[in-house]
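Participant: predicted structure and sequence below. I'll ask about it afterward.
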Amino acid sequence: MKELGGALRNPPPARKDGPVPRYADQSELPADIEALVPGIGANRARLAVVLDLAANPDSTRSQISGRTGLRMHTAYEHLLALETAGLVSADVPAEDRHGKTPRYRLDSAALKAALAALGGLLD
């Protein structure tokens with residue numbers, strides 16, 4: 001899997017109304033994955049989190065943030081969305097996380113099933 005270490009490290013341009021959110025540099029995603037972004041409205045930053053977890057299971061939010069260049073809160077929002085969708089799990093239940101550092105893992109089987117279901121729509 002392609003290293004994503006610098007995927008999101010480009011500094012945001014200055015704006016009068018505040019900083020621009022950081023997104024994954026499209027050149028850092030594999031071409032077949034990048035095709036999903038405009039094609040089905042996939043989120044580039046969320047894909048970066050998925051790819052990072054695929055390469056680095058049992059990662060903390062801080063580790064994911066550091067490797068992808070996403071801000072901690074942005075990484076949290078994407079992890080929460082992926083967890084809600086059943087594509088990511090954590091070793092600490094959501095209701096018990098206060099003051100704890102959960103480790104996240106991609107549920108490869110669930111992701112494959114979701115992609116197969118999407119592919120099945122093309123048959």
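Facilitator: Arrived safely, thanks for sending.

Participant: name the next helix or strand downstream of the least confident helix or strand in the chain by mean pLDDT, please.
Facilitator: One helix or strand of the chain scores below all others by mean pLDDT, DSSP states H and E: helix 36-40, with a mean of 57. As assigned by DSSP states H and E, the chain's next helix or strand after helix 36-40 is helix 44-55.

Participant: now that following helix - C-alpha only, PDB.
Facilitator: This file holds the C-alpha atoms of helix 44-55, laid out as PDB (Å, rounded to 0.1, in the frame of the first residue of the first chain):
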ATOM      1  CA  ARG A  44     -10.600  12.200   0.300                       C
ATOM      2  CA  ALA A  45      -9.700  12.600   3.900                       C
ATOM      3  CA  ARG A  46     -11.900   9.700   5.000                       C
ATOM      4  CA  LEU A  47     -10.200   7.500   2.300                       C
ATOM      5  CA  ALA A  48      -6.800   8.600   3.700                       C
ATOM      6  CA  VAL A  49      -8.000   7.400   7.200                       C
ATOM      7  CA  VAL A  50      -9.200   4.100   5.800                       C
ATOM      8  CA  LEU A  51      -5.900   3.500   3.900                       C
ATOM      9  CA  ASP A  52      -3.900   4.500   7.000                       C
ATOM     10  CA  LEU A  53      -5.800   2.000   9.200                       C
ATOM     11  CA  ALA A  54      -5.400  -0.700   6.500                       C
ATOM     12  CA  ALA A  55      -1.700  -0.300   6.700                       C
END
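
Participant: can you give me the mean pLDDT across that helix?
Facilitator: Helix 44-55 carries an average pLDDT of 92.

Participant: for that helix, packing partners?
Facilitator: Helix 44-55 sits against helix 36-40, helix 61-68, helix 72-84, strand 104-106, with contacts defined as 3 or more Cβ pairs under 8 Å, 6 or more residues apart in numbering; DSSP states H and E. No exception for glycine: its C-beta is placed from N, CA and C like everyone else's.
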